[in-house]
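Asks: okay, here's the prediction I keep looking at, along with the sequence it came from:
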Amino acid sequence: MSSFFVRGFREYKRHIGMKKAFAEWAERLKAILISVDRTMSGDECAERGRIYNQSSLLLMPLVEIAWSDGRVTRGESDPIVQAAGVYGLVETSDGYRDLMEDLLSRPSPPKVEAMWGEFVELVKDLPEDHRELLTFGLLAQAHFIAEQSSDSVIEFLRGARISINQEEALLCLANQLEKAKAVAVESDIKKIVAARLEKEKLQREFEEASVNHDYFQETNNMATLDDYTQLIPLVPLVKTAWAEGRVTKRERNLIFEAAQRMGIESGSTGHQRLTEWLQMHPTEEFYDSALDVLRQSLQPLDTDEKTRRQIDLLNECTLIAEASGGSWNFPGGGVKICDEEIAVINHIAKKIDVAEAPAQIRGNR
């Protein structure tokens, strides 16, 4: 067998391997999107979907690579449509039409720029390890798309892979992905720095308000929303949300919903204070002081009412814990609660004189 055909056979085997890897990456990237969706409320997901569907953001780099040499070949469009199918984007005629429009007519620069902006926001929602996985997977898929540009069987057998234009486009894509990660890291650093700067302020304000615990009892019947009395029952929820080191969008929304049920309206002083607690992690001293006040506020109640409030509070904490989607070791989701959340809820139960945590927590050990 001539060297030409030997090389052609090797290219064929290599192509089959890359094609399989492309499909596997689509499934892995879909799993990452699912992890993001679990941290969002339905309204937020709908809003983002109205502007740019999250899944379409993963197709945007592939479409740009396909258009880098001025046309999209059948070899390039087929795997892109395959990935869209994995993401569920072609299940409706509208989704299929939108994708075909991008493949038949190159997306305008403003549209691409806007989608990159949305992509950065998507990356910000991910933990660092998932950011790396996302960008690596997109680059691997983009390389495969670039190699499908030629319709010539002879060029394929000769191993002609990527044109100069596509090499430049791949380099540009790599730079864009690194820039998106850098922006996300910068955002994380700013949050950490801001949290450190605010810790002392939050602790000082709380200590000033709780110098005399009678303050909370004296103001308990006041109608104002800007004192700590109405916020104290929410502190256990805040502590549970911070158990894994960050507060997800879903957890934040559930806490705000609880606040609304308590009469703490958006725009009030109390709502603003709660927002600060969810943005900057309060200190352990803060939590301990608040839980001590909460325990004292339950003491005057009769046994049945006290027990009911304690259990209701721990059940609220359990819902917050479940909202985070569990540990990354359990990507399937469900109501798995991670060890950190279990420890926090057990600590809260002990602080408010509950002998045993709810069954949901004990069952997740």
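Replies: Yep, that arrived. Numbering: from 1, shown residues only.
Asks: make it CA atoms for all contacts and neighbour counts henceforth
Replies: Will do.
Asks: pLDDT weak spots in the stretch 51-200 of the chain?
Replies: 51-53, 150-161, 195, 198-200 (pLDDT under 70).
Asks: now do the helices in it.
Replies: 54-66, 74-87, 93-104, 109-124, 128-146, 153-158, 164-209 (DSSP state H, counting those that start in this stretch).
Asks: what's the angle from the third one to helix 74-87?
Replies: With axes from the mean of the first three to the mean of the last three C-alpha atoms, to 10 degrees as the basis, helix 93-104 and helix 74-87 are set at 150 degrees to each other.
Asks: circling back to that earlier point, point out the most buried one among the helices of the stretch 51-200 of the chain.
Replies: helix 54-66 (a mean of 22; mean count of other C-alpha atoms under 10 Å).
Asks: circling back: any chance of CSV for the helices of the stretch 51-200 of the chain, columns distance to residue 282?
Replies: Output for these, formatted as CSV (distance: least, C-alpha to C-alpha, whole Å):
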stretch, distance to residue 282
helix 54-66, 32
helix 74-87, 39
helix 93-104, 44
helix 109-124, 22
helix 128-146, 23
helix 153-158, 60
helix 164-209, 6
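Asks: looking at these, which is nearest to residue 235?
Replies: Among the helices of the stretch 51-200 of the chain, helix 164-209 comes nearest to residue 235, with 12.0 Å by C-alpha to C-alpha.
Asks: run the angle between that closest one and helix 54-66 for me.
Replies: Going by the same axes, to 10 degrees, helix 164-209 makes 150 degrees with helix 54-66.
Asks: ok, back up a step: quick check: which of the helices of the stretch 51-200 of the chain is nearest to residue 9?
Replies: Ranking the helices of the stretch 51-200 of the chain by proximity to residue 9 (C-alpha to C-alpha) places helix 153-158 first, at 7.5 Å.
Asks: and residue 261, how many neighbours does it have?
Replies: 10 (other C-alpha atoms under 10 Å).
Asks: and what of the one 10 residues further on?
Replies: Residue 271 is surrounded by 20 other residues when neighbours are defined as other C-alpha under 10 Å.
Asks: verify the contact between it and residue 262 for me.
Replies: No. The pair residue 271 / residue 262 is not scored as a contact, 11.0 Å apart, by C-alpha atoms under 8 Å.
Asks: and the contacts of stretch 174-192?
Replies: Under the criterion C-alpha atoms under 8 Å, 6 or more residues apart in numbering, residues 119-121, 123-124, 131, 135, 139, 279-280 lie in contact with stretch 174-192.
Asks: put the alpha carbons of it into PDB.
Replies: Presented in PDB, the C-alpha positions along stretch 174-192 are these (Å, rounded to 0.1, in the frame of the first residue of the first chain):
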ATOM      1  CA  ALA A 174      -8.300  31.300  22.500                       C
ATOM      2  CA  ASN A 175      -7.600  34.900  23.400                       C
ATOM      3  CA  GLN A 176     -11.300  35.600  23.800                       C
ATOM      4  CA  LEU A 177     -11.800  32.600  26.100                       C
ATOM      5  CA  GLU A 178      -8.800  33.600  28.200                       C
ATOM      6  CA  LYS A 179     -10.100  37.100  28.400                       C
ATOM      7  CA  ALA A 180     -13.500  35.800  29.600                       C
ATOM      8  CA  LYS A 181     -11.800  33.800  32.300                       C
ATOM      9  CA  ALA A 182      -9.700  36.700  33.300                       C
ATOM     10  CA  VAL A 183     -12.800  39.000  33.700                       C
ATOM     11  CA  ALA A 184     -14.500  36.300  35.800                       C
ATOM     12  CA  VAL A 185     -11.400  35.900  38.000                       C
ATOM     13  CA  GLU A 186     -11.200  39.700  38.400                       C
ATOM     14  CA  SER A 187     -14.900  39.700  39.400                       C
ATOM     15  CA  ASP A 188     -14.200  37.000  42.100                       C
ATOM     16  CA  ILE A 189     -11.200  39.000  43.400                       C
ATOM     17  CA  LYS A 190     -13.300  42.200  43.700                       C
ATOM     18  CA  LYS A 191     -16.000  40.300  45.700                       C
ATOM     19  CA  ILE A 192     -13.400  38.800  48.000                       C
END
